[in-house]
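>>> here's a sequence, model it:
(2 chains)
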Amino acid sequence: MLGDYSLGDLGAIFAMQGFAGLILFSVYVLMALGLAIIFGQMGVINMAHGEFMILGAYVTYFCSEFFQAQLPSLFPAYFFVAMALAFVASGALGMLVEWTLIKRLYKRPLDTLLATWGLSLILQQTYRSVFGPREVGVVLPDWLLGSLPVTDVIEVPINGVFVMCLTTLITVTVALLMYKSRWGQQVRAVVQNRVMAGAVGIDTEKVDRLTFGLGCGIAGVAGSAFTMIGSTGPTSGQLYIVDTFLIVVFGGATSLLGTIASAFSISQTQSTLEFFLSGSMAKVITLLTVVAILMLRPQGLFTLKVRR
Amino acid sequence: MKTAPSFLNRRDMLALAVVAALLLIVFPALLDGFRLNLVGKYLTYAFVAVGLVLCWGYGGILSLGQGVFFALGGYGMAMYLKLEASSVENTKIQSTPGIPDFMDWNQITELPYFWQPFHSLPLTILLIILVPAFFAFVIGSAMFKRRVSGVYFAIITQAIAAIATILIIGQQGYTGGVNGITDLRTLHGWDIRTDSAKFILYFVNVVLLLSVVGLALFVRASKLGRILVAMREKEDRVRFSGYSVANFQIFVFCLAGVFAALGGAMFTLQVGFMSPSLVGIVPSIEMVIFTAVGGRMSLFGAIYGTLAVNFAKTSLSESFPELWLLGLGGLFIAVVLAFPNGLAGIWNDYVQPPIDRALKLRPKHQGDDVAKQAASTAPAE
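Got it, this is the predicted structure:
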């Protein structure tokens, strides 16, 4: 299958597909970061993660509509407002869910799976009733459209570059928050030993709620970024939940670095394969490889050694 | 009592008799042909739910990929029926007569090798049992030998369900794609589309289901069943006692897979098609919720739970399609938060004691103390 292309063409193809893979990688990282915090750190299987993401996407959509109608002069900057609002909306919903539902289920991780699946069904139906069943797309401001020519055959889209910068920023922020701040220290203490963390005076309930809220908020931002790449419908979140979980598990659930590494390898494999095979076969082969590796190495790529 | 097999106590016999009477006498007497066929369809999901009770309730292994096994059985049966419906004289307008119509549409000119065994009915039935068992064995031995458990197992099986769906939809020429395998006509020359055939198939289905429940009861009462419960409660202690935990887990996972495949095969026979909509993540999780609603520890509860959820689904989605998803979601949350033991838990707590008193049955039985113990650890409402 490689014979039809010259060496230069192949180089350009790999560069372009590699860049497409990088955009996919950025979105995967954003989605998986939230889940890595909720699932990897807290041990809660949040099947409604995709729905939190979609909430962020809807918030972005309404922001774009609002700015277009009411504040056209500020339209070029609406995306930043939308992302902040998406974070707040998804985070607030996440904290509400933690308070009403998840709080009661910390000792039964498999049951969080069922309960949050129920939650995701409810959210999907709510989106369908409130926002309508049709898929919606946002209008991007002019400065995000078009592409940057790198060489005469290779071009990179600007919105892709923007998503990558955004992902880098958020990842660095989360890493600083988790590993350098006092709050992150508390989160890690609660994760490693809930009872002892409580005994040394950490308000574990508050830490849990904020952690869950942060994870959901990041999902909201991911949804916001996602609108630049695809359209948003009530069930769009469902499509990504399996990929996201696989990324987190593949990376080693407790390691943020692992999450990034696994998102990178999965997205690059998929986008490179997509060029040579049909989209569905590329996906099947990627997922099968991941499952096969997980069967051989169930703890994932990177693991944190904790005595249990 | 001397005639009864030793693995059935009086209470189980009573429960089995009630289920049998309900499914074999009450439903056929009360429901018309269409509704009875619908009940038959629901009961094919009950096969999966019974398997999940053993696998999840007793073994503690939550599989979110049972739809894959259901599909292996269902597609196996559908492939046999499709080949029979695609005889050379039935398909002579195609450019390649004698192969299924969807293959012809996809420019495939020869029957693929993995379709060949499905020309023969005995071989088909054998494959319906062996392929899922083998598949479950491969997954199980890869995962359980490495002590993958709980959450990780659930997520990986879910990924397998997703892969299976994408694969079936993507390989349209070999599997019928998103439409599945449709237009099935005869089983070994016997037309399965007539009302009388559907009536007979319903009874075949119920008898098969009751045998599966009987087998599950036997497993539960055996030493194996006790070890399964012990493993769920404290896996390490069982391991330190010298049992090979992985082998027991593999066995119960294979058994649940075969049950699901039998359900799938009966589904194809009764409904007349098989499609990827029954394979993926959503149907697989729905099968788990049937089990959860019925009570994850109760084999009979699995049947009642499946029937109850599906009746609710059909009637709600007929009259209030908007409410159905909200209702299903609420049901998930309510079952998990308030009734972890499902319908069976409610029955054991509130209905069974008066009946026991009336019948002067002693409630003590090795299978029951487990349920009691689980019920007592449930959170108070």
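>>> residue contacts, the residue of the stretch 1-150 of chain A found nearest chain B?
The minimum distance from the stretch 1-150 of chain A to chain B, using CB to the nearest CB, falls at residue A:118 (2.6 Å). Just so you know, the C-beta spots here come from the backbone N, C-alpha and C atoms, and that holds for glycine as well. The contact partners of residue A:118, by CB atoms under 8 Å, 6 or more residues apart in numbering or on different chains, come to B:328-333, B:336.
>>> quick one: buried ones out of those?
B:328-329, B:331-333, B:336 (16 or more other CB atoms under 10 Å in any protein chain shown).
>>> out of the residues you listed, which is nearest to residue B:248?
Checking those against residue B:248 by CB to CB gives residue B:336 as the nearest, at 26.5 Å.
>>> ok, that closest one touching residue A:115?
Yes - between residue B:336 and residue A:115 there is a contact under CB atoms under 8 Å: 4.3 Å.
>>> get me the contact residues on the stretch 101-250 of chain A for chain B.
Residues of the stretch 101-250 of chain A lying close to chain B by CB under 8 Å from any CB of the partner chain are A:101, A:104-105, A:108-111, A:113-115, A:117-122, A:124-126, A:128-129, A:238, A:242, A:245-246, A:249.
>>> what residue ranges in chain B score low on pLDDT?
Within chain B, the ranges that satisfy pLDDT under 70 run B:1-8, B:360-381.
>>> show me where it has strands.
Secondary structure of chain B (DSSP state E): strands at B:186-187, B:190-191.
>>> elements contacting the first one?
Spelled out, it's strand B:186-187. Judged by 3 or more CB pairs under 8 Å, 6 or more residues apart in numbering or on different chains; DSSP states H and E, the packing partners of strand B:186-187 are helix B:66-85.
>>> for residue 98, grab the count of nearby residues.
If you meant another chain, say so; for now it's chain A. When neighbours are defined as other CB atoms under 10 Å in any protein chain shown, residue A:98 has 23 of them.
>>> my question was about chain B, not that one.
By other CB under 10 Å, 16 other residues sit near residue B:98.
>>> ok, it touching residue B:91?
Yes - applying CB under 8 Å as the test, residue B:98 and residue B:91 come out as touching, 6.1 Å apart.
>>> ok, the residue of the stretch 51-200 of chain B found nearest chain A to residue B:276 distance?
Closest residue of the stretch 51-200 of chain B to chain A, CB to the nearest CB: residue B:170 (3.4 Å). Distance, residue B:170 to residue B:276, using CB to CB, to the nearest Å: 10 Å.
>>> so what sits against both of those two?
Overlap of the contact sets of residue B:170 and residue B:276 (by CB under 8 Å, 6+ apart) consists of residue B:177.
>>> which of the two has more neighbours?
residue B:276 (23 against 20).
>>> now that one: how far from chain A?
Going from residue B:276 to chain A by CB to the nearest CB, to the nearest Å gives 12 Å.
>>> not counting sequence-adjacent ones, nearest residue to the residue of the stretch 1-150 of chain A closest to chain B?
Take residue A:118 and drop its neighbours on the chain: the residue closest to it by CB to CB, 6 or more residues apart in numbering or on different chains is residue B:332, 2.6 Å away.
>>> who touches the one you found in this structure?
Shown in contact with residue B:332 (CB under 8 Å, 6+ apart): A:114-115, A:117-119, A:121, B:289, B:292.
>>> could you do residue A:287 as well?
A:242-243, A:246, B:159, B:162-163, B:166 are the contacts of residue A:287 under CB under 8 Å, 6+ apart.
>>> out of the residues you listed, who has the most neighbours?
Within these, residue B:162 tops the neighbour count with 27 neighbours, counted by other CB under 10 Å.
>>> does chain B sit close to stretch A:14-29?
No - applying CB under 8 Å from any CB, one finds stretch A:14-29 out of contact with chain B, separated by at least 14.8 Å.
>>> chain center to that stretch, what's the gap?
Using CA atoms, centre = their mean, to the nearest Å, the mean C-alpha position of stretch A:14-29 is found 14 Å from that of the whole chain.
>>> so which bits of it are buried?
Counting neighbours by 16+ other CB under 10 Å, one finds that the buried residues in stretch A:14-29 are A:16-17, A:19-29.
>>> what are the boundaries of the helices in the stretch 51-200 of chain A?
Counting by DSSP state H, counting those that start in this stretch, residue ranges of the helices within the stretch 51-200 of chain A are A:78-100, A:109-131, A:158-179, A:182-192, A:194-199.
>>> indicate whether stretch A:295-303 makes contact with chain B.
Yes - interface with chain B: stretch A:295-303 contributes A:295-296, A:298 (CB under 8 Å from any CB).
>>> nearest to residue B:59 among the residues you listed?
Looking at the residues of stretch A:295-303 next to chain B and their distance to residue B:59, the nearest is residue A:298, at 17.9 Å (CB to CB).
>>> pretty sure residue B:217 contacts residue B:15?
No - applying CB under 8 Å, one finds residue B:217 not in contact with residue B:15, separated by 9.3 Å.
>>> just checking, residue A:54 touches residue A:130?
No - Residue A:54 is beyond contact range of residue A:130, at 12.0 Å (criterion: CB under 8 Å).
>>> wait, what's in contact with residue B:315?
Contacts of residue B:315 (CB under 8 Å, 6+ apart): none.
>>> ah, wrong one, I meant residue B:175
Shown in contact with residue B:175 (CB under 8 Å, 6+ apart): B:75, B:167-169, B:181, B:276.
>>> now do residue A:197
Neighbour list for residue A:197: A:186, A:189-190, A:204, A:207 [criterion: CB under 8 Å, 6+ apart].
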